[in-house]
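Participant: Compute the structure for the input listed below.
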Amino acid sequence: MYQPANFDPVPEALRKKLEQRLALSHVGQLFDFKIEDLRLDYCNLSLAYREEITNGAKSRGTIHGGIVSTLADTACAFALATNFEGRMSFATVDLHVNFVARAQTKIFAHAAVIRKGSRIQVCDVRVVDEIGKLVATASLNFILTKPIKSHDDN
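Facilitator: Numbers count the residues shown, from 1 in each chain. Reported below is the predicted structural model:
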């Protein structure tokens, strides 16, 4: 698994900015994602277990795979955002997930940017449960689009 110690820290101001961005995003609010750790090219994003995000009683309380995928995608987006101080726009163009075990507890997505191209960025993510059991792996490609205007740019 990716070890946070292998990634450089981000400035505290950037961390706060990205935490606020997540807290204000619709997806962040819907699933209550939390940034556990944030470093340059790395994000550990968590999702608390709740009955309403599972496939129901017959699934033995397994978190829905689409929600696991959303966690992975969001973690990668925040790992990538550490490179642009929140001012670059990008979009997921490819997402491939391998589910290897049921997610039945709080889960953590450890995402790392593994290639930074001029337009295409590549991220890998490992989703684990509370005891560190591998739940899923994912590979994502993002395309850089255009800078986002902020009030700081005036």
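Participant: What is the longest helix along the chain packed up against?
Facilitator: Longest helix of the chain, by residue count under DSSP state H: helix 65-81. Helix 65-81 sits against helix 12-24, helix 26-31, strand 42-47, strand 88-99, strand 107-116, strand 120-129, strand 134-147, with contacts defined as 3 or more C-beta pairs under 8 Å, 6 or more residues apart in numbering; DSSP states H and E. (Each C-beta comes from the backbone N, C-alpha and C, glycine too.)
Participant: residues of that helix that come out buried?
Facilitator: With burial defined by 16 or more other C-beta atoms under 10 Å, the residues of helix 65-81 counted as buried are 67-81.
Participant: show me the contacts for Thr54.
Facilitator: Contact analysis of Thr54 by C-beta atoms under 8 Å, 6 or more residues apart in numbering lists 61-64.
Participant: got a list of contacts for stretch 117-136?
Facilitator: 1-2, 65, 68-69, 71-72, 75-76, 79-80, 90, 93, 97-115, 137-144.
Participant: correction: stretch 60-75
Facilitator: By C-beta under 8 Å, 6+ apart, the residues outside stretch 60-75 that reach it are 22, 27-28, 31, 33, 43-45, 47, 49, 51, 53-55, 92, 95, 97, 99, 102-104, 107, 109-111, 125, 127, 135-136, 138, 140.
Participant: How about exporting it as PDB, limited to the C-alpha atoms?
Facilitator: The C-alpha coordinates for stretch 60-75 follow below in PDB (Å, rounded to 0.1, in the frame of the first residue of the first chain):
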ATOM      1  CA  ARG A  60     -24.900  -8.900   4.800                       C
ATOM      2  CA  GLY A  61     -24.400  -5.200   5.000                       C
ATOM      3  CA  THR A  62     -22.000  -4.800   2.100                       C
ATOM      4  CA  ILE A  63     -21.400  -1.200   1.000                       C
ATOM      5  CA  HIS A  64     -22.600  -0.600  -2.600                       C
ATOM      6  CA  GLY A  65     -19.900  -1.000  -5.200                       C
ATOM      7  CA  GLY A  66     -20.800   2.300  -6.900                       C
ATOM      8  CA  ILE A  67     -20.200   4.100  -3.600                       C
ATOM      9  CA  VAL A  68     -16.800   2.400  -3.200                       C
ATOM     10  CA  SER A  69     -16.000   3.500  -6.700                       C
ATOM     11  CA  THR A  70     -17.100   7.100  -5.900                       C
ATOM     12  CA  LEU A  71     -14.800   7.100  -2.800                       C
ATOM     13  CA  ALA A  72     -11.900   5.900  -5.000                       C
ATOM     14  CA  ASP A  73     -12.600   8.600  -7.700                       C
ATOM     15  CA  THR A  74     -12.900  11.400  -5.100                       C
ATOM     16  CA  ALA A  75      -9.700  10.300  -3.300                       C
END
